[in-house]
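Engineer: test case, fold it:
(one chain, ligands or ions: 1)
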Amino acid sequence: MLRQDSAVKIAVEKHGKERKHLLPVLQEVKRAKNYLSRSDISDVAAEMGLSSAHVYGVASFYHFLDLEERGRNIIWVCKTISCYMKGANDILLALEEALKIRLGETTSDGKFTLLQTNCIGWCHKGPAMLINDQPYTDLTPEKVVEIIHEYNQ
Ligand code: FES
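Structural biologist: I've put the predicted structure just below:
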């Protein structure tokens, strides 16, 4: 992981200081650090000449820009109606059991955080989830256990 001040500086240098570049800057810092801390918000604001309140407002609007420390792999199980009707709750239960955590928690080794999200655009192949940016579809409880196993190798 990059130190926070260098991650912010690198992101701002790469994308620019104009207000319109705020979202890519925040995405870049989040990628480097896995989440956005309070000091990241202040550092981005200072680097870009924006108020911390504005930067926080943008960061908190997009739930993919985590404002809490998360595991190295973030699992987003779709909770929207199509996936719900196709058994998303069974997927969630299988993940909770396999990872030995509840929704919203992070495994003790810091490897996984289990979260829910709204529709990720794979409704026709639900239930669906993302692990980081990778979509997984047509899920079954057995299939998610295999997927988690692959990440544990
Ligand atoms: S409803 Fe789950 S991907 Fe759209």
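
Engineer: please make it C-alpha for all contacts and neighbour counts, starting now.
Structural biologist: OK.

Engineer: which residues touch the helix or strand harbouring D40?
Structural biologist: Taking DSSP states H and E as the definition, one finds D40 inside helix 38-48. Identification of contacts with helix 38-48 by C-alpha atoms under 8 Å, 6 or more residues apart in numbering yields 4-5, 8-9, 12, 17-19, 25-26, 29, 50-52, 55-56, 67.

Engineer: of these, which belong to helices?
Structural biologist: 4-5, 8-9, 12, 25-26, 29, 52, 55-56 (DSSP state H).

Engineer: picking that back up, quick check: mean pLDDT of the helix holding D40?
Structural biologist: Averaged across helix 38-48, the pLDDT comes to 95.

Engineer: low-scoring stretches of this structure, by residue?
Structural biologist: Within the chain, the segments meeting pLDDT under 70 span 1-5.

Engineer: which bits of it sit near the ligand?
Structural biologist: 78, 80-83, 119-123, 126-128 (C-alpha under 6 Å from any ligand atom).

Engineer: buried ones in stretch 31-51?
Structural biologist: For stretch 31-51, a neighbour-count test (16 or more other C-alpha atoms under 10 Å) marks 32-37, 40-45, 47-48, 50 as buried.

Engineer: the residue lying farthest from the centre of the chain: what's it in contact with?
Structural biologist: Within the chain, G49 marks the point farthest from the mean C-alpha position, 26.4 Å out by C-alpha atoms, centre = their mean. Applying C-alpha under 8 Å, 6+ apart to G49 gives the contacts K17.

Engineer: ok, so what distance separates it from I41?
Structural biologist: For G49, the distance to I41 equals 12 Å [C-alpha to C-alpha, to the nearest Å].
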